[in-house]
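S.K.: Sequence plus the predicted model coming up.
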Amino acid sequence: MKLKQFVPLLFVLTLTACATPSTTDQKQADADQAVRIKKILDNYVPVTYVSISCVGHGDALVTGYSIQDLVSTREYGGGRCGGTNAAGYPLPKQWRPGMKVKVSWKLDGQPWRETTTNIMRYDKAGMVFIHIFNNNQVRVVSSAEYSSESPKHQIPPGTKIPPPEEQ
């Protein structure tokens, strides 16, 4: 009978012996982890996944293009301008100043070119249009309402001079 009373006590003592207080190194590691988690949460940007398209406004045919993700180095793109690429491009749901992207493109019979440009201001995230003009000018637009063929699109069809680049 006394053994039955002693076993639970022995079990509790065994478990409490395993519970050692945190060391200074462990406390520092926990604090560092908390700082990393806070930094991730503070910098989290909700995105929506959109299709991309290329619009050529220059004299030469665009035979290839790509746009880099705002966060990673992954590139999304397609063949010649004119179609839609259901690439699942991760675009922030809300525009903010300084959203720069790297765009690469290839004109018919010429080498690849690349530039970094801002994404123009948008109110609602939508399809991304890469507008390529003469003189290596590129503008990137997101439009949830109007296709590039619409006269209400931020850069209407037939435009030969790019609008000023926003910051």
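M.R.: Yes, it's here. Residues are numbered from 1 along each chain as shown.
S.K.: For the nearest residue to residue 46 once chain neighbours are set aside, give me its contacts.
M.R.: Excluding the flanking residues, the one nearest residue 46 by CB to CB, 6 or more residues apart in numbering is residue 93, at 4.9 Å. Just so you know, the C-beta spots here come from the backbone N, C-alpha and C atoms, and that holds for glycine as well. By CB atoms under 8 Å, 6 or more residues apart in numbering, residue 93 lies in contact with 46-48, 125.
S.K.: okay if I get those as CSV plus distance to residue 163, pLDDT and secondary structure?
M.R.: Formatted as CSV, those follow (distance: CB to CB, whole Å; pLDDT from 0 to 100; DSSP: H, G, I helix; E, B strand; the rest coil):
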residue, distance to residue 163, pLDDT, secondary structure
46, 27, 86, coil
47, 25, 87, strand
48, 24, 90, strand
125, 20, 93, coil
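S.K.: between these, which is closest to residue 56?
M.R.: Among these, residue 125 lies closest to residue 56 (CB to CB), at 23.6 Å.
S.K.: how far away is that closest one from residue 145?
M.R.: Using CB to CB, to the nearest Å, residue 125 is found at 11 Å from residue 145.
S.K.: on that earlier part again, nearest to residue 161 among the contacts of residue 93?
M.R.: Among the contacts of residue 93, and counting by CB to CB, the member closest to residue 161 is residue 125, at 26.5 Å.
S.K.: check contacts around that closest one.
M.R.: 47-48, 50, 91-95, 142, 144.
S.K.: For PyMOL, write the select line for the buried members of these.
M.R.: Here is the PyMOL selection string for the buried members of the contacts of residue 125, based on 16 or more other CB atoms under 10 Å:
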select buried, resi 47+48+50+91+92+95+142
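S.K.: From the contacts of residue 125, which one has the minimum pLDDT?
M.R.: Lowest pLDDT within the contacts of residue 125 is found at residue 47 (87).
S.K.: pretty sure it contacts residue 91?
M.R.: Yes: the pair residue 47 / residue 91 is scored as a contact, 6.0 Å apart, by CB atoms under 8 Å.
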